[in-house]
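> sequence-free structure coming up:
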């Protein structure tokens, strides 16, 4: 009996069940026609909502595993238990103030903590040693600065426990975050699990009020398998629990000072490990409230795109829209509704042929609509971030061009939707203005490093020609 899938599982939010047998969504997103042996259990889990359902028989356990492996369901939150096989590694450089607060928060669980000083200069090095000693943490000092990934590697080698929790020095642990995450790793297929990282907002500056809802480290409230191409495509190493046997030596690529966590979790997925995001467990991260830090950090994240593309080819393509979707957007924007309807009809027929006779027409219509919406969404995303100079030009042309207005609507739909559904405490003008600055700062980093490293793929969209499926 699989002890893991014998626990309650919960239907993942935003995953749709249609006609009792077709699933839209999961990690990665897919249209899944459920096998007959899985349908009854899937319907029961779906009907129970957030209460979840337990797989009682071997057949139901197989069904649960099928659904878990596709991200259609996720493990229900379970009670904490003492984590006596976990050690904590905290990399630090410079100012020991955040480290003091971090170690104080970690003391609640009483786990062994190893602090790795990444070659801090004096007087910081001595102060870090004093803070570590005052909190009963072991200190390992590096003579050469290697960046956070290299410091975590040193901490990993200095510890022995089968599970290691990495936490940044400017993060704040909740009282039971390790104890609640550790049971997830009872599933021997799971190599890592991360909590939700929320910003620790204490002031009322514009940046803090923006970060409160739009932090780059906050992966949202929806549980997920962590795979490329989904909203939770990576985990921030600001706080994460990993299985030692699931990582390579070194765990974090020494040549990466940014994006090293993305690289690690993509490699774990490629090696066959399951990586999970568990947002019911929450830790916090301090917020930098200066404009220089805000722009610089977003730009730094963008700098990682070219380096990651070199290690994981074709994963950093900024957009892969279908030409059908772009044609519908262009035709609708320029006042040609019949052309738009004709292309949409062709796309519906193509989707019906792709999905096969088991999928009802209503589902094919929905999938077609989602596909064409996705095309517009990703082109808007491209024009806000990686092509932001072009996107801002489009915004400037909206008074003169109906096509520009249609494209601008695709650009601004996501920021406006987010402001309505997840509003910041800022007024709309400042909130949307900061969103554009956020995207443009990231895009600037992408563009600059693409040029510097000679990696054009990260700024080059790859349109898809809609092909009719071959007969089987």
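Cool, got the structure. This structure is a prediction, so every number in the text was calculated from the model and none was measured.

> does residue 353 count as helix, strand or coil?
Three-state call for residue 353 (DSSP: H, G, I helix; E, B strand; the rest coil): helix.

> OK, contacts around it?
468-469 (Cβ atoms under 8 Å, 6 or more residues apart in numbering). Using the backbone N, CA and C atoms, a C-beta is placed for each residue, glycine as well.

> who's sitting farthest from the centroid in this structure?
Computed with Cα atoms, centre = their mean, the residue of the chain farthest from its C-alpha average is residue 338, at 38.6 Å.

> which of the residues in the helix or strand harbouring that residue are buried?
Per DSSP states H and E, residue 338 falls inside helix 337-355. For helix 337-355, the neighbour count (16 or more other Cβ atoms under 10 Å) marks 340, 343-344, 347-348, 350-352, 355 as buried.

> Can I get those in CSV including pLDDT and distance to residue 387?
Below are the buried residues of helix 337-355 laid out as CSV (pLDDT from 0 to 100; distance: Cβ to Cβ, whole Å):
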residue, pLDDT, distance to residue 387
340, 95, 24
343, 95, 24
344, 95, 26
347, 94, 25
348, 95, 30
350, 93, 28
351, 93, 28
352, 93, 33
355, 92, 32
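
> Return the member of the residues you listed nearest to residue 84.
Ranked by distance to residue 84 (Cβ to Cβ), these are led by residue 355 at 49.6 Å.

> Verify the stated contact: that closest one with residue 367.
Yes - look at residue 355 against residue 367 with Cβ atoms under 8 Å: they come within range, at 6.7 Å.

> what sits in contact with each of these two?
Common contacts of residue 355 and residue 367 (Cβ under 8 Å, 6+ apart): residue 31.

> Now the closest residue to residue 18 other than its chain neighbours: which helix or strand?
Spatial nearest neighbour of residue 18, excluding adjacent residues (Cβ to Cβ, 6 or more residues apart in numbering): residue 363 at 4.8 Å. Using DSSP H and E, residue 363 maps to helix 361-384.

> following that helix, which helix or strand comes up?
Next element after helix 361-384 (DSSP H and E): helix 388-397.

> between the buried residues of helix 337-355, which is nearest residue 69?
residue 355 (21.2 Å).

> So that closest one versus residue 466, what's the distance?
14 Å (Cβ to Cβ, to the nearest Å).

> And residue 460, by the same measure?
The value you get for residue 460 to residue 466, if Cβ to Cβ is used, is 20 Å.

> Compare these two and say which is more crowded by neighbours.
residue 466 (16 against 13; other Cβ atoms under 10 Å).

> residue contacts, the residue nearest to that one when sequence neighbours are not counted?
Leaving aside its sequence neighbours, residue 466 sits nearest to residue 324 (Cβ to Cβ, 6+ apart; 4.7 Å). Residue 324 makes contact with 343-344, 346-347, 350, 372, 375, 466, according to Cβ under 8 Å, 6+ apart.

> cool, and residue 59?
By Cβ under 8 Å, 6+ apart, the contact list for residue 59 reads 37, 41.

> so which strand or helix has it?
Counting by DSSP H and E, residue 59 is found in helix 58-69.

> low-scoring pLDDT stretches of this protein, where are they?
Applying pLDDT under 70 to the chain flags residues 1-6, 79-80, 471-472.

> residue ranges for the helices of the stretch 151-300 of the chain, please.
Along the stretch 151-300 of the chain, the segments classed as helices by DSSP state H, counting those that start in this stretch run 177-181, 206-214, 260-270, 291-311.

> Which residues does the last one contact?
Contacts of helix 291-311 from elsewhere in the structure, counted by Cβ under 8 Å, 6+ apart, are 207, 216, 253, 255-256, 258-259, 262-263, 266, 288, 315-316, 437-438, 441-450, 452-453, 455, 457-458.

> just the angle between it and helix 260-270, please?
Helix 291-311 runs at 30 degrees relative to helix 260-270, counting by axes from the mean of the first three to the mean of the last three Cα atoms, to 10 degrees.

> Single out the most deeply packed of the helices of the stretch 151-300 of the chain.
Most buried of those by mean neighbour count (mean count of other Cβ atoms under 10 Å) is helix 177-181; its value is a mean of 24.

> who's in contact with residue 32?
Applying Cβ under 8 Å, 6+ apart to residue 32 gives the contacts 22-23, 26, 70, 72.

> Same question for residue 228.
Contacts were defined as Cβ under 8 Å, 6+ apart; by that measure residue 228 touches 28, 266, 269, 312, 315.

> Farthest pair within those?
28 and 312 (15.0 Å).

> Okay, now the sheet partners of the top strand by length along the chain, with direction.
Assignment by DSSP state E gives strand 274-286 as the longest strand of the chain. Applying DSSP bridges, strand 274-286 is found paired with strand 171-172 (antiparallel), strand 190-200 (parallel), strand 224-225 (antiparallel).

> hmm, back to that, who touches the residue nearest to residue 18 in this structure?
Contacts of residue 363 (Cβ under 8 Å, 6+ apart): 18-19, 22, 24, 31, 355.

> By neighbour count, which of these wins?
Within these, most neighbours by other Cβ under 10 Å means residue 22, with 22 neighbours.

> Surely that residue touches residue 362?
No - assessed by Cβ under 8 Å, residue 22 is found out of contact with residue 362, at 9.7 Å.

> coming back round to it: give me the subset of the contacts of residue 363 lying in helices.
Assignment to helices by DSSP state H places the following of the contacts of residue 363 there: residue 355.

> Could you tell me how many residues sit around residue 464?
Using other Cβ under 10 Å, residue 464 has 14 neighbouring residues.

> cool, and residue 37?
12.

> Tell me which helix or strand it sits in.
Short version, using DSSP H and E: residue 37 is in helix 36-48.

> name the helices or strands packed onto that helix?
Applying 3 or more Cβ pairs under 8 Å, 6 or more residues apart in numbering; DSSP states H and E, we find helix 36-48 packed against strand 8-11, strand 16-18, strand 53-54, helix 58-69.

> still on that earlier bit, nearest to residue 241, of the contacts of residue 324?
residue 375 (37.1 Å).
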